[in-house]
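Novice: My questions concern the predicted model and sequence given below.
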Amino acid sequence: MSTHIKLCGMMRPEDIETANGLKPDFIGFVFAKKSKRSVTPDQAAALKAALDRHIKAVGVFVDEDPAVIAKLFADGVIDAAQLHGGETDDVVAQVKALTGGKCPVIQAVAMRGAGDIARAAASPADHILLDAKGGGTGHPFNWDLAKAVSRPYLLAGGLSPDNIAEALETLHPWGVDVSSGIETDGRKDGEKMRHFVEQVRRFDANI
Ligand SMILES: O=C(O)c1ccccc1N[C@@H]1O[C@H](COP(=O)(O)O)[C@@H](O)[C@H]1O
């Protein structure tokens, strides 16, 4: 099985052009208004129109109204929703219900201690994503906590071309998600994006 790749925080047409060339499984649009990577629905729609149709667009939300998420899904701006705040199981269920069960939901779990291992296991979401507290911080969490998570997960938090090989060797995650680590001066860096993806593909080719 190849490791799924998500390149998050796409903001510019040139970010999409680079992603189209690299063909990750997912890219992310951040809709959390407080994020420095925040895009409006109109901006995201224009970027999605330029995205290779084989690449899924994930909307990243922090405590957003499920109706807003469902509208972005219905409009074809996003293909999946990543809930990155304090969303309850009920919110996961609401997103599912409002999209006729069609929108895959990824629930982010902030990995701070043993209790979070249980929270990850119990999440009703289609996929879980293990991250440091916050989101988009560029900081890793204690990977020893991930070793105790028995369901497949997306690994996030401070990944970069410098540590992705070690992360893959150590944890063998279902997928990896990166944002800060593929940026220079707050903008996506095509060379870092390429280097990150190449290393994941090299790892997959050697196992
Ligand atoms: O990227 C953001 O600004 C962001 C804001 C709010 C919630 C989540 C956000 N991004 C997600 O954070 C993780 C890790 O990012 P990083 O590689 O450590 O910068 C990733 O899942 C992003 O989708």
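Specialist: Good, I have the coordinates. Numbering: from 1, shown residues only.
Novice: Please tell me how far the helix or strand of the chain with the lowest mean pLDDT is from the chain's geometric centre.
Specialist: Counting by mean pLDDT, DSSP states H and E, the weakest-scoring helix or strand in the chain turns out to be helix 114-122, with a mean of 95. In terms of Cα atoms, centre = their mean, to the nearest Å, the centre of helix 114-122 is found 19 Å from the chain centre.
Novice: do the same with stretch 14-30
Specialist: With Cα atoms, centre = their mean as the basis, stretch 14-30 stands 12 Å off its chain's centre.
Novice: re the thing from before, can you pull the buried residues of the least confident helix or strand of the chain?
Specialist: In terms of neighbour count (16 or more other Cβ atoms under 10 Å), helix 114-122 has its buried residues at Asp116, Ile117, Ala120. All C-beta atoms are positioned from the backbone trio N, CA, C, and that covers glycine.
Novice: Can I get those in a markdown table including distance to Gly175?
Specialist: Listed next are the buried residues of helix 114-122 as a markdown table, based on distance: Cβ to Cβ, whole Å:
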| residue | distance to Gly175 |
| --- | --- |
| Asp116 | 18 |
| Ile117 | 18 |
| Ala120 | 14 |
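Novice: quick check, nearest of those to the ligand?
Specialist: Ala120 (14.0 Å; Cβ to the nearest ligand atom).
Novice: neighbours around the residue nearest to that closest one when sequence neighbours are not counted, how many?
Specialist: With Cβ to Cβ, 6 or more residues apart in numbering as the criterion, Ala120 has its nearest non-adjacent residue at 4.5 Å, and that residue is Val109. Neighbour count for Val109, taken as other Cβ atoms under 10 Å: 25.
Novice: Could you point out the longest helix of this structure?
Specialist: Determined from DSSP state H, the single longest helix within the chain is helix 190-205.
Novice: for the ligand, what are the nearby residues on this structure?
Specialist: Contact residues, the chain versus the ligand (Cβ under 6 Å from any ligand atom): 8-9, 28, 30, 32, 35, 37, 60, 62, 84, 129, 131, 135-138, 156-159, 177-181.
Novice: again, only this time at 8 Å
Specialist: 6, 8-9, 28, 30, 32, 34-38, 58, 60, 62, 82, 84-85, 108, 129, 131-132, 134-140, 154, 156-160, 177-182 (Cβ under 8 Å from any ligand atom).
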